[in-house]
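Asks: Show me the folded form of this:
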Amino acid sequence: LYLSRPITRAEYLYGKMGVLFLVLAPITWISGLAVTLMCALLGVDVGFSNFRLAMAYLVGHLIWFLVVSLLTLAVSAWVRFKPAARGVLFAIIFILAGFAEAMNAVTRTSIGDFVNLTRAIGNVALWILELPLEGGLPIAASFLTLAMTCVLSTWMLYRKLRAHEVIS
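Replies: As a prediction, the model looks like this:
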């Protein structure tokens, strides 16, 4: 009976992201937290940094999961041909990072890091660990990069996803 009712766009996205979360959680942050817990239980003397490491691992992977899953859903909604969608995701994550590094080298600034998603999530984890950031941009720029990726992906999903009435 529940599945016969129409669902909204948000419910559809929550369902898709829930499946991605169930698949990705065990191989990303749950395994990392298990290693951190084992180190703490075995008496590895890392003190308070054990907690900080666990929090960086958890928060970094949750933010990365949100960004990548929204980006993946947006690309898959716009590009229906699976190999082309994979190519677009590859280009967004890896080729755009190379473009950002080239832009940094040409301009001799860190302005290219605004489009480098991997540098942004790495800087968030480094910031939680209180380690020096990569590149020359402040942490707010990394958060802005990740937030704008989520906002743009959500807008793309909002524009593309439409409800369809199924008549039986």
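Asks: what packs against the lowest-mean-pLDDT helix or strand in the chain?
Replies: Ranking every helix and strand in the chain by mean pLDDT, DSSP states H and E puts helix 29-41 at the bottom, with a mean of 77. On a contact count with 3 or more CB pairs under 8 Å, 6 or more residues apart in numbering; DSSP states H and E, helix 29-41 meets helix 49-78. For the C-beta atoms, the positions are set from N, CA and C on the backbone; glycine is no exception.
Asks: how far is the least confident helix or strand of the chain from where the chain is centred?
Replies: 21 Å (CA atoms, centre = their mean, to the nearest Å).
Asks: List the buried residues for it?
Replies: By 16 or more other CB atoms under 10 Å, the buried positions in helix 29-41 come out as 29, 32-33, 36.
Asks: just stretch 62-75 next, same as before
Replies: Neighbour-count burial for stretch 62-75, counted by 16+ other CB under 10 Å, picks out 63-75.
Asks: and for it, what are the contacting residues?
Replies: 13, 16-17, 20-21, 24-25, 28-29, 85, 88-89, 92-93, 117, 121, 124, 146, 149-150, 152-154, 156-157, 160 (CB atoms under 8 Å, 6 or more residues apart in numbering).
Asks: so for that stretch, what's the average pLDDT?
Replies: What stretch 62-75 shows for mean pLDDT is 91.
Asks: How far does that stretch sit from its chain's centre?
Replies: Between the centre of stretch 62-75 and the centre of its host chain there is 5 Å, according to CA atoms, centre = their mean.
Asks: Please provide the alpha-carbon coordinates for that stretch, formatted as CSV.
Replies: Presented in CSV, the C-alpha positions along stretch 62-75 are these (Å, rounded to 0.1, in the frame of the first residue of the first chain):
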residue,chain,number,x,y,z
LEU,A,62,29.9,12.5,5.5
ILE,A,63,30.5,15.8,3.8
TRP,A,64,32.2,14.1,0.8
PHE,A,65,29.4,11.6,0.7
LEU,A,66,26.8,14.4,0.5
VAL,A,67,28.7,16.3,-2.2
VAL,A,68,29.5,13.3,-4.4
SER,A,69,26.1,11.7,-4.1
LEU,A,70,24.3,15.0,-5.0
LEU,A,71,26.7,15.5,-7.9
THR,A,72,26.2,11.9,-9.1
LEU,A,73,22.5,12.1,-8.9
ALA,A,74,22.4,15.5,-10.8
VAL,A,75,24.7,14.2,-13.5
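Asks: I am finished for the moment; much appreciated.
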